[in-house]
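>>> Quick one: sequence and predicted model below, then my questions.
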Amino acid sequence: MAKRIMVVGTMSNAGKSVVTAGLCRIFTQDGYRVAPFKSQNMALNSFITRDGFEMGRAQVMQAEAACVEPSVLMNPILLKPTNDTGSQVIVNGEVLGNMSAADYFRYKKKLVPDILKAFNTLSEQSDIVAIEGAGSPAEINLKTEDIVNMGLAEMVDAPVLLVGDIDRGGVFASIYGTVMLLEPQERARVRGIIINKFRGDVEILRPGLEMLEQLTGIPVVGVIPYMRLDLDDEDSLSERLDSAAPHKAVDVAVIRLPRISNFTDFNALGRHPQLGVRYVKSAAEFGNPDLVILPGTKNTMGDLLWLRQNGLEALLCKHAAAGGAVIGICGGYQMLGETLSDPNGVEQGGQMRGIGLLPVDTVFEAQKTRTRVSGCVSRLEGVFGGLSGAALEGYEIHMGVSRLRAGTPATEIRDECTGETAHPDGAAQENVLGSYVHGFFDSSEVVSALAQTLVRAKGLEPADTAQISDYEYKQQQYDLLAQGMRNALDMEAIYRMMDEYDGKGEEK
């Protein structure tokens, strides 16, 4: 059986995903075969594996850090919120159905066999399994049915590291309160505390660390400094969604839809030296962008209604009418069409008028499209002509089927999961383009061509810089993360606590 370590946090966004990724990288650098694992993830950022299954993006990031191929075994349960009280439930990479929060709470213990099967398979294939918890382990109203925090630690016999975010303030109270709300047997599993996102002199912090150790009886195994790294974010708590765009030649406005999904699609755009990416959630923030992007969403019809009610649709149409560039990805592409129909109540039921910037009709169907694709941008005219022929690779995740009435498809793509021949995707005309391909902007060819087009449209000269590949860039970031964490953590103590558990339910 593989050794195992679990990372839990005092709250959401304490840094569990990144700390787990850093441990994956460190263990890999030390010569171990490593697999990340999260039994249940709630996020709208998802990914399609090479065998066509859907999983949470955070475990993909951790798999990349561990230099292994992402597998749905790493995230057997994915919850994708469809509204404030319900989610689409995905088990082993396939849609089980939509459930209310109350229904899922009653149902989830039935998924324990799926969780253990996935974990045990990973354990057989790996030397170390790095497990991530969810939210807080001290949600006392949920603990009796827990399958992702201390309940999971008990099931797989894992020692636990507790992470607290000092950048938000109140870290000592949040750590102490979390520990005190755990049951005695749960508390015994917490073998180390990690202070995350620290800015300042650790020596000034040290008296507080000593008092925390005395109060909890748990050693502090490290203080991780605030590191400005560019890693794929887990969910809508991402800081990049609220940060102002850097001052660059081209202003790119991404509409921050209420159910925005896969916003990591735009990370590569923001890395270009001449593209400034910002997220817009109101008409007052719209400004005068050079490119407007409608991202993916888990509720296309609901988010289109939101867009319509808050005035952003009118501004988008005015921008397009003036010749401004518009791109829609997945749900954003569906919105740009003429009509949206939901005869089976997959989303909200009924029919809606689309924004009307592309000659496309979308019908939502119960069967979900999940596949990886590769191909190229079609031979286009107008604003996006410079993208013609650019190679791209990505994946599709959507419930709707869109039909092009007339005109030019945006891309020609091949289904990598089925091996089918190339087929058209999306639509493009003049200054508006839509595509189902997540990862459209991960292509350096697409980003470079788009930047050149938009920069020249402003009468400026494109930067003469070559971007490194998305893969190389991410590997650099994972190495920086590992270096920062290795310098901050007592890795010998972490290795020792893993050695003390044999996976059979008894501490050695």
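Sure, I can see it.
>>> Relative to Asn98, how far out is Asp251?
38 Å (CB to CB, to the nearest Å). All C-beta spots, glycine's among them, are computed from the backbone N, C-alpha and C.
>>> quick one: low-confidence ranges for this structure?
Scanning the chain for pLDDT under 70 picks out 234-245, 419, 465-467, 502-508.
>>> In PDB, could you pull the C-alpha coordinates for the strand ranked longest in it?
Secondary structure of the chain per DSSP state E: the longest strand is strand 360-377. Only the C-alpha atoms of strand 360-377 are listed here, as PDB (Å, rounded to 0.1, in the frame of the first residue of the first chain):
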ATOM      1  CA  VAL A 360     -26.500  29.400 -34.400                       C
ATOM      2  CA  ASP A 361     -29.300  27.500 -32.700                       C
ATOM      3  CA  THR A 362     -28.700  25.500 -29.500                       C
ATOM      4  CA  VAL A 363     -30.800  22.700 -28.100                       C
ATOM      5  CA  PHE A 364     -30.000  21.300 -24.700                       C
ATOM      6  CA  GLU A 365     -30.000  17.500 -24.500                       C
ATOM      7  CA  ALA A 366     -29.700  15.100 -21.600                       C
ATOM      8  CA  GLN A 367     -26.500  13.500 -23.000                       C
ATOM      9  CA  LYS A 368     -23.400  15.300 -22.000                       C
ATOM     10  CA  THR A 369     -20.600  15.800 -24.600                       C
ATOM     11  CA  ARG A 370     -17.200  15.000 -22.900                       C
ATOM     12  CA  THR A 371     -14.200  14.600 -25.200                       C
ATOM     13  CA  ARG A 372     -10.700  15.800 -25.900                       C
ATOM     14  CA  VAL A 373     -10.100  17.400 -29.300                       C
ATOM     15  CA  SER A 374      -7.300  18.600 -31.500                       C
ATOM     16  CA  GLY A 375      -7.300  20.500 -34.800                       C
ATOM     17  CA  CYS A 376      -7.000  24.000 -36.100                       C
ATOM     18  CA  VAL A 377      -8.800  27.300 -36.600                       C
END
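>>> Beyond that strand, next helix or strand please.
strand 391-404 (DSSP states H and E).
>>> ok, back up a step: now for the longest strand of the chain, which elements pack on it?
strand 46-48, helix 331-335, strand 339-342, strand 391-404, strand 411-415 (3 or more CB pairs under 8 Å, 6 or more residues apart in numbering; DSSP states H and E).
>>> Tell me the first helix or strand C-terminal of the first one.
Yep, that's strand 46-48 we're talking about. strand 54-56.
>>> Parallel or antiparallel, list what pairs with that next one.
strand 46-48 (antiparallel) (DSSP bridges).
>>> longest helix in the chain, by residue count?
helix 470-488 (DSSP state H).
>>> List the buried residues for that helix?
470, 474-475, 477-478, 480-482, 484-486, 488 (16 or more other CB atoms under 10 Å).
>>> ok, of the residues you listed, which one's closest to Asn288?
Nearest to Asn288 among these: Asp470, at 29.3 Å, using CB to CB.
>>> Look at Ala118 and say how many residues are nearby.
20 (other CB atoms under 10 Å).
>>> So what does it look like in phi/psi?
phi -60, psi -50 (degrees, to the nearest 10).
>>> now do Leu78
Per degrees, to the nearest 10, the backbone of Leu78 is at phi -130, psi 130.
>>> Stretch 396-416: end-to-end distance?
11 Å (CA to CA, to the nearest Å).
>>> er, stretch 142-156 actually
Start-to-end, stretch 142-156 (CA to CA) is 19 Å.
>>> wait, what's in contact with Glu213?
193, 219-220 (CB atoms under 8 Å, 6 or more residues apart in numbering).
>>> 7 Å instead, please
219-220 (CB atoms under 7 Å, 6 or more residues apart in numbering).
>>> for Leu307, same thing?
Contacts of Leu307 (CB under 7 Å, 6+ apart): 255, 313.
>>> Go again with 8 Å.
Leu307 neighbours (CB under 8 Å, 6+ apart): 255, 257, 313, 316, 335.
>>> can you check Ile355 too?
304, 313, 316-317, 335-337.
>>> now, among the residues you listed, which is nearest to Asn149?
Leu304 (36.1 Å).
>>> Met352 is in contact with the closest one, correct?
Yes - here Leu304 reaches Met352: they are 6.4 Å apart, a contact under CB atoms under 8 Å.
>>> Settle it for me: which of these two has more neighbours?
A count of neighbours by other CB under 10 Å puts Leu304 above the other of Leu304 and Met352, at 25 against 18.
>>> The more buried one belongs to a helix?
Yes - in this structure, Leu304 lies within a helix as judged by DSSP: H, G, I helix; E, B strand; the rest coil.
>>> How about it: what's its closest non-neighbour residue?
Met335 (4.9 Å; CB to CB, 6 or more residues apart in numbering).
>>> how many neighbours does that neighbour have?
30.
>>> now the one 4 residues further on
Other residues within reach of Thr339 by the criterion other CB under 10 Å amount to 14.
>>> Then Asp290?
19.
>>> Any figure for the gap between it and Gly459?
Distance from Asp290 to Gly459, by CB to CB: 12 Å.
>>> So which of the contacts of Leu307 is the closest to Thr121?
Leu257 (36.0 Å).
>>> so who does the closest one touch?
With CB under 8 Å, 6+ apart, Leu257 has these contacts: 294-295, 297, 303, 306-307, 331-332.
>>> Then Arg228?
Counting by CB under 8 Å, 6+ apart, Arg228 has no contacts.
>>> how near is it to His247?
Taken as CB to CB, the span from Arg228 to His247 is 18 Å.
>>> Now for the nearest residue to Leu294 once chain neighbours are set aside: which residues touch it?
Counting by CB to CB, 6+ apart, Leu294 lies nearest to Gly332, which is 2.8 Å off, once chain neighbours are set aside. Neighbouring residues of Gly332 by CB under 8 Å, 6+ apart: 255, 257, 293-297, 434.
>>> Pick out whichever of the residues you listed sits closest to Ile115.
Gly296 (27.3 Å).
>>> Could you count how many residues lie near that closest one?
With other CB under 10 Å as criterion, Gly296 counts 27.
>>> What of Asp415?
Neighbours of Asp415 (other CB under 10 Å): 18.
>>> Any idea what it is bridged to?
Val373.
>>> could you list every residue that touches it?
Contact analysis of Asp415 by CB under 8 Å, 6+ apart lists 371-373, 423.
>>> Please apply the same query to Lys248.
Residues near Lys248 by CB under 8 Å, 6+ apart: 273-276.
>>> neighbours around the residue lying closest to it once chain neighbours are set aside, how many?
Closest residue to Lys248 apart from its sequence neighbours, by CB to CB, 6+ apart: Gly276 at 3.7 Å. Number of residues near Gly276 (other CB under 10 Å) recorded here: 20.
>>> Quick check, Val19 in contact with Met485.
Yes - here Val19 lies in contact with Met485, judged by CB under 8 Å, at a distance of 7.2 Å.
>>> which neighbours do those two share?
Contact criterion CB under 8 Å, 6+ apart; residues shared by Val19 and Met485: Ile224.
>>> Regarding the residue nearest to Lys248, what is its secondary structure?
strand.
>>> who does it bridge with?
Going by DSSP bridges, Gly276 forms beta bridges with Asp251.
>>> which residues does it contact?
245-252, 270.
>>> Include distance to Asp127 when you put those residues into TSV, please.
Shown next, in TSV, are those (distance: CB to CB, whole Å):
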residue	distance to Asp127
Ala245	43
Pro246	41
His247	46
Lys248	44
Ala249	48
Val250	46
Asp251	47
Val252	43
Gly270	36
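>>> Give the closest residue to Gln185 in space, chain neighbours not counted.
Leaving out its chain neighbours, the residue that sits closest to Gln185 by CB to CB, 6+ apart is Glu154, at 7.7 Å.
>>> How about stretch 184-192, which residues are buried there?
186-187, 189-192.
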